[in-house]
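Chemist: the sequence and its predicted three-dimensional model are supplied below.
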Amino acid sequence: MTQTQRRIGAPVLAVQGVSLSFGGVKALQDVSFDVRQHEVRAIIGPNGAGKSSMLNVINGVYHPQQGTITFKGETRSDMNSHEAAAMGIARTFQNIALFKGMTVLDNIMTGRNLKMRTNFLQQAIWIGPAKREELEHRRKVEEVVDFLEIQHIRKTPVGRLPYGLQKRVELARALAAEPEVLLLDEPMAGMNMEEKQDMCRFILDVNDQYGTTIVLIEHDMGVVMDISDRVVVLDYGRKIADGTPAEVRGDQRVIDAYLGVAH
Amino acid sequence: MLYREAGQFKTSYAADQQIFPILQDRIGVIAVLVLAFIVVPLIADQYWLGAILTPFLIFSLAALGLNILTGYAGQLSLGTAAFMAVGAFMAYNAQLRIPGMPIIGSFILGGLCAAAVGIVFGLPSLRIKGFYLAVATLACQFFVLWALQRFGWFSNYSSSGVITAQKMVILGYELDSPQAKYLLTLFVVAGLALLAKNLVRSETGRAFMAVRDMDVAAGVIGIPLMQTKLLAFAISSFYCGVAGALFAFCYLGTVEPEAFNLDLSFRVLFMIIIGGVGSILGSFLGAGFITLFPIFLSVVSQTISHATGMEISHAIVSNLELIIFGALIIFFLIVEPHGLARLWQIGKEKLRLWPFPH
Amino acid sequence: MELAFFIEVLAGGLLAGVMYSLVALGFVLIYKASGVFNFAQGAMVFFAALTFVSLVERGMNFWLALVITLAVMVVLGLAIEKVVLRPLVNQAPITLFMATIGLTFVLEGLSQLVWGSQPHGLELGVPDVPIEWLSQKANINISQFDLFASAVAGTLVAVLAVFFQKTRIGRALRAVADDHQAALAVGIPLKQIWGIVWAVAGFVALVAGLMWGVRNGIQYALTFVALKALPVLILGGFESIAGAIIGGLIIGASEKLAEVYLGPYVGGGIEGWFAYVIALVFLLFRPQGLFGEKIIERV
């Protein structure tokens, strides 16, 4: 339904021949794939396959020993995470990386960091440009809060929230940056059925309403089959399959490495 | 029932962002300000003004500075006293060497010099964290004191580096009396506290706290780590520098580098631990506590002396002071790591329900 | 002439460094076993030395005083572990560090409250005079006492090294240092181990206190010796006994050499901060020290 409404465009992100090692451990070996605009791309594979490392390479946290990342026409191998964020890539983390000492609202506001222009002196004086800017961004953040239905916990310190809500707040923070590409690292890990359904709905809504390209790592096969347009399968740092969910599910190599007996 | 928020709905984000959104709080704060600015100078005596209230304000400012760096930005610093020293000595030199320099200008210049020193000694924070950083700030502390003593220029070549603060004149009025010094200090501290409050509520404050809580994540979402950390050092040192200048000009009058030793750095650190790390109010509460507590102790010991006829020596009292301070630090860290400020908050929350139990 | 003087300064520096190492050892022990950076180590050194010397001055026999002081330090260690550390067991390291700062003040006040605040001298039977044949033959002045202190330090390190490597308790200590949960899982009694560690640290503090006491007299300033141990630990790493020794030697030597050879150009007094600047420079290039383990942060 939504798949036919969205117009999936040309590749906006391309991973070319990326190899990454830590000391003697080869996390990624010669991985290449692309991500098209507006699509939902899943990366799956057994534990230790290199999925998180792949995301970390895409947004500049790790620098690959070989290979490049092409994003919005620029081909780089040494992008740092600050530049990635500035160029429109936002992400969430496997082990929640929220700022535990701040409230939900403050955490989401930090996502607007790159869009704020006033300097500290103006902020100290408050009256004038700083106040206007703060209120303007507050309005934007409240849109995200509404969208993800977390109004009731705005002023709660995130450290006190249950795990599922923390994940949602992390998603909100990533969305607040109005990214073009959203990298989600196991957004549904540790959630129960109901929470997973909510999260799926949110992810699809983001893709629908904002047209954000989404790359997500996920273990739940049902979710992957349901919401993704295309899937990349990694195993021991290598790409072993790349295609639509149906294609990948039927691929013998994938079954052997990851899925087990097809059912 | 007095502290009910019933009926106080916020209908705009602007209203929600106010520093004191609750009406009763606002009334309370205005009352305190009236008390501080108008009532106190009229009724307080010289001892209270000169020996208690003025140093309380000055230490609150220093605690505020340290809180910005350690409490909000998470960079542990043991060099607070060194920054105060820079502020004091550079303000003195500004008054001395720049003809016609207004006193506030000298304070600001002292603060800026302290900020510059802060940035230099804050550079290691880009690579080191936690108490490794504390060691780097120790280097700053010892080096700055040595430099102030060694290079006579700072103290205008007086022996042992002593400086005597010049007379302060604003718009033709000579600020000589304890009342005048108190009011000047109050004015400066209140103003800087307001700026600090605005700062920590805004994006800069959030960036500081993000760096404190998880700097790797902060970097990934786009917060510039280097600028943020150095800005924290700069602003914090500026505040400590101004506090140092006030320390020399409005409190002691005559200071030497030794007055800004490691002991003072620890005192200010204690103020923010007891008062509440990461809280503007906490800086004031902690400073108040540590300023008043020795006086309280000596009054108690004198009372006991008179009552029982036993002589309690000064040495015993000051050792008791050490023990109780240390024990309080440990107590607060165990029981209420967010210090007096959190206790204050809890008290207010209980007050909202009063007289009902829940 | 020049060479002899250089050797004298170097030796003096190295031997002063041994003193720093003794204090640093206490830090390393506690850090290794409980991950706590015990800022109060200096105050423990002070307290141990003061207790010992006060007992001796009141007429107690040397060896009896030593045993009693040791017992007091052990009890103190256990009390600290129970009252201060256990309640804070899951807090951030910075909280624990600040708690030990508070502990420092408690110990300082307590020491002086109980024993008074006059400085004391201390005699251990080895005089602080140059070794005769060295100063006569080669014109190099090295104190007998310094040599004695190094011998003591060396023995202590050897004993500790054997203790950690060869004995069951030593193994248990290393296990606890690595991973508290895992140690619990294999049945190591955590609380007992911590108690033992603090007791041993107390013993080391006593030895350090005695050595320093002879050299500088026992006075309030002794507590700040702890601060000098910090650069030593940064160089040597917080978890390495060998590092504490080598770090101490390097800091001691460079400090003295800097004071003598660089000092005159900037008016002297360098010793107060030189060690810290070395530590600072080190931190910028090798934050884990010479022997420490590299810290990797994962997101």
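Modeler: Noted; the coordinates are in hand.
Chemist: how about the residues of the stretch 1-150 of chain C near chain B?
Modeler: C:37, C:83-84, C:87-88, C:91, C:93-95, C:97-99, C:101-110, C:112-113, C:116-117 (CB under 8 Å from any CB of the partner chain). C-betas here are computed from N, CA, C, even on glycine.
Chemist: next SSE after the lowest-mean-pLDDT helix or strand in chain C?
Modeler: In chain C, no helix or strand scores lower on mean pLDDT, DSSP states H and E than helix C:132-137, which sits at a mean of 70. Counting by DSSP states H and E, the next helix or strand C-terminal to helix C:132-137 is helix C:144-166.
Chemist: report the buried residues of that following helix.
Modeler: C:Phe145, C:Asp146, C:Leu147, C:Phe148, C:Ala149, C:Ser150, C:Val152, C:Ala153, C:Leu156, C:Val157, C:Leu160, C:Phe164 (16 or more other CB atoms under 10 Å in any protein chain shown).
Chemist: how far away is A:Ile58 from chain C?
Modeler: Note on A:Ile58: its distance to chain C, by CB to the nearest CB, to the nearest Å, is 14 Å.
Chemist: hang on, isn't that residue packed against A:Thr70?
Modeler: No - assessed by CB atoms under 8 Å, A:Ile58 is found out of contact with A:Thr70, at 10.6 Å.
Chemist: and the residue of the stretch 151-263 of chain A found nearest chain C, how many neighbours?
Modeler: Using CB to the nearest CB, the single residue of the stretch 151-263 of chain A nearest to chain C is A:Asp185, 9.5 Å away. By other CB atoms under 10 Å in any protein chain shown, the residues close to A:Asp185 number 23.
Chemist: next one: A:Gly9
Modeler: A count of neighbours around A:Gly9, defined by other CB under 10 Å, yields 12.
Chemist: output the below-cut-off pLDDT ranges for the stretch 151-299 of chain C.
Modeler: C:180, C:220, C:223, C:288-299 (pLDDT under 70).
Chemist: near chain B, which residues of it are found?
Modeler: C:224, C:227, C:230-231, C:234, C:266-267, C:269-270, C:272-273, C:276-277, C:279-280, C:283-284, C:287, C:297, C:299.
Chemist: do the same with the stretch 101-250 of chain A
Modeler: A:101-102, A:106, A:109-114, A:116, A:118, A:120, A:123-126, A:130-131, A:134-135, A:138-139, A:142, A:173-174, A:177.
Chemist: which bits of the stretch 51-200 of chain B sit near chain A?
Modeler: B:Leu195, B:Ala196, B:Asn198, B:Leu199.
Chemist: ok, now with 7 Å
Modeler: B:Leu195, B:Asn198, B:Leu199 (CB under 7 Å from any CB of the partner chain).
Chemist: quick check: pLDDT value at the first one.
Modeler: The one in question is B:Leu195. Listed pLDDT for B:Leu195 reads 94.
Chemist: and the last one, by the same measure?
Modeler: According to the model's per-residue confidence, B:Leu199 sits at a pLDDT of 92.
Chemist: what helices or strands is the helix or strand harbouring it leaning on?
Modeler: Counting by DSSP H and E, the element that carries B:Leu199 is helix B:178-201. Where contact means 3 or more CB pairs under 7 Å, 6 or more residues apart in numbering or on different chains; DSSP states H and E, helix B:178-201 is packed against helix A:120-125, helix B:40-43, helix B:54-66, helix B:225-246, helix B:280-308.
Chemist: secondary structure element holding the closest residue to B:Ser298 other than its chain neighbours?
Modeler: Excluding its sequence neighbours, the residue lying closest to B:Ser298 (CB to CB, 6 or more residues apart in numbering or on different chains) is B:Val317, at 5.8 Å. B:Val317 is part of helix B:314-335, with elements assigned from DSSP H and E.
Chemist: which strands or helices does that helix pack on?
Modeler: Against helix B:314-335 (3+ CB pairs under 7 Å, 6+ apart) you get helix B:262-275, helix B:280-308, helix C:93-115.
Chemist: the same query, at a cut-off of 6 Å, please.
Modeler: Secondary-structure packing of helix B:314-335 (3 or more CB pairs under 6 Å, 6 or more residues apart in numbering or on different chains; DSSP states H and E): helix B:280-308, helix C:93-115.
Chemist: residues near C:Met73, how many?
Modeler: 25.
Chemist: then B:Leu61?
Modeler: 29.
Chemist: if I look at the closest residue to it other than its chain neighbours, how far off is chain C?
Modeler: In space, and not counting its chain neighbours, B:Leu61 is closest to B:Ala243: 4.0 Å by CB to CB, 6+ apart. Using CB to the nearest CB, B:Ala243 is found at 21 Å from chain C.
Chemist: what lies in contact with the helix holding B:Val317?
Modeler: Contact with helix B:314-335 is made by B:273-274, B:294, B:297-298, B:301, B:339, C:84, C:87-88, C:95, C:99, C:102, C:105-106, C:108-110, C:112-113, as judged by CB atoms under 6 Å, 6 or more residues apart in numbering or on different chains.
Chemist: filter the residues you listed down to the buried ones.
Modeler: Applying 16+ other CB under 10 Å to the contacts of helix B:314-335 flags B:273-274, B:298, B:301, B:339, C:84, C:88, C:99, C:102, C:105-106, C:108-110, C:112-113 as buried.
Chemist: now, which of the residues you listed sits nearest chain A?
Modeler: B:Gly339 (14.2 Å).
Chemist: residues near residue 22, how many?
Modeler: Let's take chain A. A:Phe22, neighbours per other CB under 10 Å, totals 10.
Chemist: think we crossed wires, I meant chain B
Modeler: Neighbour tally, B:Ile22, other CB under 10 Å: 15.
Chemist: all helices of chain C, in order?
Modeler: Listed in chain order, the helices of chain C (DSSP state H) span residues C:2-34, C:41-57, C:62-80, C:93-115, C:132-137, C:144-166, C:168-178, C:180-185, C:190-216, C:225-236, C:241-257, C:263-266, C:271-285.
Chemist: just want the angle from the fourth one to helix C:225-236.
Modeler: Using axes from the mean of the first three to the mean of the last three CA atoms, to 10 degrees, the interaxial angle of helix C:93-115 with respect to helix C:225-236 works out to 150 degrees.
Chemist: what helices or strands is helix C:93-115 leaning on?
Modeler: Against helix C:93-115 (3+ CB pairs under 6 Å, 6+ apart) you get helix B:314-335, helix C:41-57.
Chemist: number of nearby residues for the residue of the stretch 1-150 of chain C found nearest chain A?
Modeler: The nearest approach of the stretch 1-150 of chain C to chain A comes at C:Ala92, 10.9 Å away (CB to the nearest CB). By other CB under 10 Å, 11 other residues sit near C:Ala92.
Chemist: for B:Asn261, same thing?
Modeler: 15.
Chemist: break chain A into its domains for me.
Modeler: Following automatic domain parsing, one finds the domains of chain A at A:1-88+A:180-263, A:97-178.
Chemist: among the ones you listed, which gets the worst mean confidence?
Modeler: Checking each of those, the one with the poorest mean pLDDT is domain A:1-88+A:180-263, at a mean of 86.
Chemist: how far does it sit from the chain's center?
Modeler: Its chain's C-alpha centre and that of domain A:1-88+A:180-263 lie 9 Å apart, by CA atoms, centre = their mean, to the nearest Å.
Chemist: and A:Gln29, what element?
Modeler: Going by DSSP H and E, A:Gln29 is in strand A:25-36.
Chemist: how about that strand, does it reach chain C?
Modeler: No - Strand A:25-36 is not in contact with chain C by CB under 6 Å from any CB of the partner chain; minimum separation 12.5 Å.
Chemist: return the list of strands paired to the next helix or strand after that strand, each annotated with direction.
Modeler: Using DSSP H and E, the helix or strand that directly follows strand A:25-36 along the chain is strand A:40-44. In the sheet, strand A:40-44 lines up against strand A:213-217 (parallel), strand A:230-235 (parallel) (DSSP bridges).
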